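Undergrad: only the shape, not the letters, is given here:
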């Protein structure tokens, strides 16, 4: 394998040793390349395919598809902040929010909500504009 983590394969670039990975859907944050690798090791039978990668300066956007071994396809978007040819911060999007799985307790930490992800109360409908 060219890369040590699946995320590096998705991005087609190495992760910085102190990289962070964010999952807004489950409110989780994973720290370090080693931590990311530990979480990824729990997904047996996982397959992925890359749609396209878009480089915008120090940002990288990747559209990709995954199968967790059950035959169901998941369409994903990953956004990475890069520096010196490495990914330093990555956010993955998979759809609707969900609760953090119990098996990830101790592997991840809470992700603080920021203005990047508006709360339900902050959403505006068409009739409100």
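TA: Cool, the structure landed. For clarity, every value in this text was computed on a predicted model and none was experimentally measured.
Undergrad: now do the SS call for residue 37.
TA: helix (DSSP: H, G, I helix; E, B strand; the rest coil).
Undergrad: should've said residue 34
TA: Applying three-state DSSP: residue 34 is helix.
Undergrad: tally of neighbours for it?
TA: 13 (other CB atoms under 10 Å). Any C-beta I mention is one placed from the backbone N, CA and C, and that applies to glycine too.
Undergrad: what's the helix or strand for the closest residue to residue 101 other than its chain neighbours?
TA: Nearest non-adjacent residue to residue 101, counting by CB to CB, 6 or more residues apart in numbering: residue 26, 7.7 Å away. Residue 26 belongs to no helix or strand when assigned by DSSP states H and E.
Undergrad: thought residue 26 was touching residue 95?
TA: No: if you go by CB atoms under 8 Å, residue 26 and residue 95 don't touch, sitting 11.1 Å apart.
Undergrad: how about the helices in the protein?
TA: 6-11, 33-40 (DSSP state H).
Undergrad: so for the residue lying closest to residue 51 once chain neighbours are set aside, what's the pLDDT?
TA: Distance criterion CB to CB, 6+ apart; nearest residue to residue 51, sequence neighbours excluded, is residue 63 at 3.8 Å. Looking at residue 63, its pLDDT is 94.
Undergrad: quick check: residue 63 vs residue 75, distance?
TA: 7 Å (CB to CB, to the nearest Å).
Undergrad: same check, this time on residue 13
TA: Distance from residue 13 to residue 75, by CB to CB: 21 Å.
Undergrad: okay, those two: which has more neighbours?
TA: Under the criterion of other CB under 10 Å, the comparison of residue 13 against residue 75 puts residue 13 first, with 18 against 12.
Undergrad: name the nearest residue to the more buried one, ignoring sequence neighbours.
TA: Residue 13 sits nearest to residue 87 (CB to CB, 6+ apart), 5.8 Å away.
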